[in-house]
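Q: Have a look at this fold, sequence not included:
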């Protein structure tokens, strides 16, 4: 099964696979959205900022609002695909990538998604163009075969050099059994947890959450992120600040306080060090709704 829809600013993505045909036991359902214009997705408290050609992959999208400056042209395209299980599915789609392996096999029932950026070579965009063409044609065995193969190639390309493509700050990863996972599996949930606390969390609090000793978590941060915990937290804080500056009209003082800074001057200094410009300059250049 393959479906396709395009969305404008203000539209709601609300596809529920349970409302369609019953899930076939030998298939796995994926949904993919690609930004055709800079926009952001809002689902409750969750917000994902997308530049043109960024991609989000999930099992399903529900109650997600599309926001964009551009109101007269579609800013997002949405695909739903049922992939038939090869033997095994994980080997076919994700090879030895444990990060996405866990995403596909998460049984927690919560909405999980992976955000892919830096897709500048347009290969994924070209594969989605093919799927869009396929969606307009009458399904038959030949078309189903082509759809399955193109989808496999799309996922293969997304996983190629995946470290530079997956946005750990915006993705929402499965977190079960992270303590025993591969290093790529561990990295996502740690980033997600720190982000959920607005970066306003201590090494000890993160260690307690995942059942680690503080010294072990400190070494793990160096291993996973090539940074110590303080630098990792700084990067996350500044990334979160960038999202707030782009998407909200909150004052710089408010953003600074929410991220745990005692004074706005320290926040401004650190923002300048990471982004090479002040928060106010960043907002003028990047705000979506100014």
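A: Cool, got the structure. Every value quoted in this text rests on a predicted model; they were computed, and no experiment measured them.
Q: Starting from residue 126, give me the distance back to the nearest residue to residue 233 once chain neighbours are set aside.
A: The shortest distance from residue 233 to any residue other than its chain neighbours is 5.2 Å, reached at residue 199 (C-beta to C-beta, 6 or more residues apart in numbering). Using the backbone N, CA and C atoms, a C-beta is placed for each residue, glycine as well. Residue 199 sits at a distance of 37 Å from residue 126 (criterion: C-beta to C-beta, to the nearest Å).
Q: Of those two, which one has the most company?
A: residue 199 (21 against 13; other C-beta atoms under 10 Å).
Q: Which helix or which strand is home to that one?
A: Using DSSP states H and E, residue 199 is not contained in any helix or strand.
Q: about what we covered before: gap between the residue nearest to residue 233 and residue 189?
A: 15 Å.
Q: Just the buried positions in the strand or helix carrying residue 126, please.
A: Per DSSP H and E: residue 126 is located in helix 123-135. Neighbour-count burial for helix 123-135 flags 124, 125, 127, 128, 130, 131, 134, 135 (criterion: 16 or more other C-beta atoms under 10 Å).
Q: Excluding residues flanking it in the chain, which one is nearest the fourth one?
A: Which is residue 128. residue 34 (5.5 Å).
Q: List the beta-bridge partners for the one you found.
A: residue 55, residue 77 (DSSP bridges).
Q: elements contacting the helix holding residue 126?
A: When contacts are defined as 3 or more C-beta pairs under 8 Å, 6 or more residues apart in numbering; DSSP states H and E, helix 123-135 packs onto strand 2-7, strand 27-35, strand 76-84, helix 141-159.
Q: what residues are up against residue 72?
A: Contacts for residue 72 (C-beta atoms under 8 Å, 6 or more residues apart in numbering) come out as residue 8.
Q: In three-state terms, label it for me.
A: Secondary structure, DSSP: H, G, I helix; E, B strand; the rest coil: residue 72 is coil.
Q: buried stuff in stretch 280-290?
A: Those would be 282, 283, 286, for stretch 280-290 by 16+ other C-beta under 10 Å.
Q: Verify the assumption that residue 271 is located in a helix.
A: Yes. Counting by three-state DSSP, residue 271 falls inside a helix.
Q: Bridge partners for the residue nearest the centre of the chain, pull those for me.
A: Centroid check for the chain by C-alpha atoms, centre = their mean gives residue 115 as the closest residue, at 2.4 Å. Following DSSP bridges, residue 115 is listed with bridge partners residue 56.
Q: my read: it touches residue 167, true?
A: Yes. Using C-beta atoms under 8 Å, residue 115 is in contact with residue 167, at 4.1 Å.
Q: before we move on, the earlier item: who are the neighbours in contact with the residue nearest to residue 128?
A: 53, 54, 55, 76, 77, 79, 124, 125, 128.
Q: 6 Å instead, please
A: Contacts for residue 34 (C-beta atoms under 6 Å, 6 or more residues apart in numbering) come out as 55, 77, 128.
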